[in-house]
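> missing the sequence, but the structure's below:
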């Protein structure tokens with residue numbers, strides 16, 4: 001069978017099919033969160049400690065719509081990474097004054113939101129959310 005060559009074929013990356021653009025990010029928790037995906041009862045007090053992953057994702061939801069959440073991976077260390085995608089209508093979230101003050105990347109803004117939730121909740125199941133990092137992730 002002869003091969004078929006398509007004239008003027010061009011692939012442009014990234015490519016998005018229908019709907020909003022997805023923008024991808026990576027969270028590095030700095031601690032293994034693979035076994036901390038649900039509420040945990042800590043110590044004899046019976047006080048429920050929330051999942052650090054759930055707290056982080058709720059913080060992100062304040063700013064955008066999360067469309068895809070991956071599984072916890074070994075980026076940054078065993079069980080420390082989590083990749084997710086948000087809907088970015090009209091193109092990617094770039095650098096702007098997301099909170100109305102300083103100009104910053106959207107990844108840094110999401111990082112600040114998660115760290116602020118760590119200030120509210122403290123260490124969540126032994127994970128210090130005030131030290132979490134968020135960065136852009138590209139395939």
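Received the coordinates, thanks. None of the values given here were measured: they were computed from a predicted structure.

> residue 24 sits in which helix or strand?
strand 21-28 (DSSP states H and E).

> what are the boundaries of the strands in the protein?
21-28, 40-42, 47-49, 66-69, 81-88, 95-96, 104-105, 133-136 (DSSP state E).

> wouldn't residue 111 be in contact with residue 134 here?
Yes - counting by CB atoms under 8 Å, residue 111 does reach residue 134; the two are 3.9 Å apart. Yep, even glycine has a C-beta here, placed from its N, CA and C like the rest.

> just the residues contacting the longest helix seen in the chain, thanks.
What stands out as the longest helix in the chain, according to DSSP state H, is helix 106-121. By CB atoms under 8 Å, 6 or more residues apart in numbering, the list of residues contacting helix 106-121 from outside reads 23, 25, 27, 50, 55-56, 58-60, 62-63, 92-96, 98-99, 104, 124, 128-136.

> could I have the buried ones of these as ChimeraX selection syntax?
Buried members of those, defined by 16 or more other CB atoms under 10 Å, are picked up in ChimeraX with:
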select :23,25,27,50,55,56,59,60,63,93,98,124,129,132,134
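
> contact partners for the closest residue in space to residue 70 that isn't next to it in sequence?
Among residues not flanking residue 70 along the chain, residue 83 sits closest, at 4.1 Å (CB to CB, 6 or more residues apart in numbering). Applying CB under 8 Å, 6+ apart to residue 83 gives the contacts 24-27, 69-70, 73, 75, 137.

> ok, so of the residues you listed, who is nearest residue 87?
Nearest to residue 87 among the contacts of residue 83: residue 24, at 11.5 Å, using CB to CB.

> neighbours around the closest one, how many?
Other residues near residue 24 come to 18 when the count uses other CB atoms under 10 Å.

> wait, what's in contact with it?
Per CB under 8 Å, 6+ apart, neighbours of residue 24: 83-85, 136-139.

> how far away is residue 38 from residue 128?
Using CB to CB, to the nearest Å, residue 38 is found at 19 Å from residue 128.
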